[in-house]
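Undergrad: would you be able to build a 3D model of this:
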Amino acid sequence: MDVRAVDNQGDPILSSMRQWDAPQEATPPWLAMTKPIICAVNGIACGAGLDLITTADITIASETASLMDPHVSIGVTSGREGVRLARILPLPVAMRVILMGKHERLDAKRAYDLGIFTELVAPEALMDRAWEIAEVVNSNAPLAVRGSRMAVRKGLTLPIYEAELLAEKYRMKVALTKDAIEGPRAFLEKRAPNWQCR
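TA: Below is the predicted model:
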C-alpha cells in the first residue's frame with residue numbers, strides 16, 4: 001500500500017508551487033499589486049475585514065461603521081491584523097482594541113479621528129462616494145499612480161534612505177514614458193491628458 005502524506009487539498013506534500021509559497025490569505029495580493037485599493041466600510045469590520053482596512057490605500061466609511069478585532073475573544077491570536085493596526089494607530093489604542101477583543105469597538109468617528117478612515121459619509125452615499133474617489137484616481141496617469149503606490153508600499157518595509165532610493169527608481173522609470181511627456185503637454189495646452197500607459 002502506497003501511503004504518502006497529503007495536504008488538506010489532497011495533493012502530495014510539497015508537490016506544487018502553492019505548497020512552497022508562504023500562506024497567502026488576504027494580505028499579500030493587496031500589498032504587492034500595483035493598482036490602488038479603495039476600501040468602503042459600512043457596518044462592522046472585524047477579523048479579516050481589518051485586513052482590507054489596514055492594507056487599503058484610501059479607506060472611507062459610513063457614519064454608522066465600526067471596527068473591532070475579536071480574535072482573542074474566540075481563542076485566536078490576533079496576527080496580521082494586530083500587527084498592522086499597531087502601525088496605523090497609536091500603540092496604546094491598538095493594544096486596547098487587540099487585547100479587549102469583542103469588548104472594544106471603535107466607532108466611525110473615533111476611527112476617523114485616529115486616521116483609519118479618511119472620510120465619513122452617510123450610509124446611503126458610501127458607494128457613490130467610493131466610485132467618485134476611484135474616478136478621480138483613475139483620471140490620473142496610470143503608470144504614475146502605480147509607481148507612487150509601489151514606492152510608498154514597498155518603502156514602508158525599508159529604512160528611509162533605501163525607501164527614497166526605491167521611490168526615485170520608480171520616478172525615473174515613469175519619467176521615461178510617453179505619459180510623462182503627455183501630462184505637461186496637456187497642462188500647457190489646457191486640455192485633458194490622453195494617457196497611453198506607455
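Undergrad: pLDDT value on the spatially closest residue to G47 that is not a sequence neighbour, please?
TA: Leaving aside its chain neighbours, G47 sits nearest to P70 (6.2 Å; criterion: CB to CB, 6 or more residues apart in numbering). For the C-beta atoms, the positions are set from N, CA and C on the backbone; glycine is no exception. On pLDDT, P70 comes in at 94.
Undergrad: wait, P70 sits on E104?
TA: No. Between P70 and E104 there is no contact, the gap being 9.5 Å when judged by CB atoms under 8 Å.
Undergrad: for F187, what are its contacts?
TA: Residues near F187 by CB atoms under 8 Å, 6 or more residues apart in numbering: P193.
Undergrad: for it, phi and psi?
TA: Per-residue torsions, F187: phi -60, psi -50 (degrees, to the nearest 10).
Undergrad: equivalent analysis for S66, please.
TA: Torsion angles, degrees, to the nearest 10, at S66: phi -160, psi 170.
Undergrad: give me every residue that touches it.
TA: By CB under 8 Å, 6+ apart, the residues touching S66 are 43-45, 105-108, 111.
Undergrad: let me have those residues in JSON lines, adding distance to T64 and secondary structure as columns.
TA: What follows is the contacts of S66, written out as JSON lines (distance: CB to CB, whole Å; DSSP: H, G, I helix; E, B strand; the rest coil):
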{"residue": "G43", "distance to T64": "7", "secondary structure": "coil"}
{"residue": "I44", "distance to T64": "10", "secondary structure": "strand"}
{"residue": "A45", "distance to T64": "12", "secondary structure": "strand"}
{"residue": "R105", "distance to T64": "12", "secondary structure": "coil"}
{"residue": "L106", "distance to T64": "13", "secondary structure": "strand"}
{"residue": "D107", "distance to T64": "8", "secondary structure": "strand"}
{"residue": "A108", "distance to T64": "7", "secondary structure": "helix"}
{"residue": "A111", "distance to T64": "12", "secondary structure": "helix"}
